[in-house]
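[1] Can you look at this prediction? I've put the sequence above it.
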Amino acid sequence: MKTIVVPTTIETMEKLDFDTCTPDDLVELRLSENEYNELWQSGVLDTLNQQLGMLIDDYEDESIIEEDKLLEAKNIVKNSVLKTKNVQVISKLLNQIELALSNNTGVFFYF
């Protein structure tokens, strides 16, 4: 299953390295196959990859943890919401990024 995870605290983010998080430590967005396909076809993941120098893709784990990159990702995703007709899954991604910013943590993609 494809999951986009946001730790609730900085301490929790560090626990991710050791796989010791509890369910309350993370806000998980589990994508259905349809949602993942919609997200991929929207082009937002390609844009994030290109503009942030990332590799969000199948069978890859990736993260955005620097505040400046999170802010840039937020702008990229916001612009994608305006350009795409399947905005529900992109809006969920935007919510995860905004949550990471408010928690001072990061967004982790487990695809």
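    Cool, the structure landed. Given the structure is predicted, the values throughout are model-derived calculations rather than measurements. Numbering: from 1, shown residues only.

[2] Can you give me the distance of the nearest residue to V44 once chain neighbours are set aside to N104?
    The shortest distance from V44 to any non-neighbouring residue, by C-beta to C-beta, 6 or more residues apart in numbering, is to S80 (4.1 Å). All C-beta atoms are positioned from the backbone trio N, CA, C, and that covers glycine. Here S80 is placed at a distance of 24 Å from N104 (C-beta to C-beta, to the nearest Å).

[3] Between these two, tell me which one has more neighbours.
    S80 (21 against 13; other C-beta atoms under 10 Å).

[4] Quick one: low-confidence residue ranges for the protein.
    85-86 (pLDDT under 70).

[5] Kindly recompute the last result at 80.
    Applying pLDDT under 80 to the chain flags the ranges 81-86.

[6] where's L29, which helix or strand?
    strand 26-31 (DSSP states H and E).

[7] What helices and strands are in contact with whatever helix or strand comes next after that strand?
    Under the assignment DSSP H and E, the closest C-terminal helix or strand after strand 26-31 is helix 33-42. Helix 33-42 sits against helix 87-103, with contacts defined as 3 or more C-beta pairs under 8 Å, 6 or more residues apart in numbering; DSSP states H and E.

[8] who touches the helix it packs on?
    Helix 87-103 is contacted by residues 4, 6-9, 27, 29, 31, 35, 38-39, 42, 44, 64, 67, 70-71, 73-74, 77-78, 80-81, 84, 106-107 when judged by C-beta atoms under 8 Å, 6 or more residues apart in numbering.

[9] Now, those that are in helices?
    Among the contacts of helix 87-103, the ones falling in helices (DSSP state H) are 35, 38-39, 42, 44, 67, 70-71, 73-74, 77-78, 80-81.

[10] of those residues, buried ones?
    E35, E38, L39, S42, V44, L70, A73, K74, V77, S80, V81 (16 or more other C-beta atoms under 10 Å).

[11] can you redo those as CSV with distance to V89?
    Converted to CSV, these look like this (distance: C-beta to C-beta, whole Å):
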residue, distance to V89
E35, 4
E38, 5
L39, 5
S42, 8
V44, 9
L70, 19
A73, 15
K74, 16
V77, 11
S80, 10
V81, 10
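
[12] I'm done for today, thanks for sticking with me.
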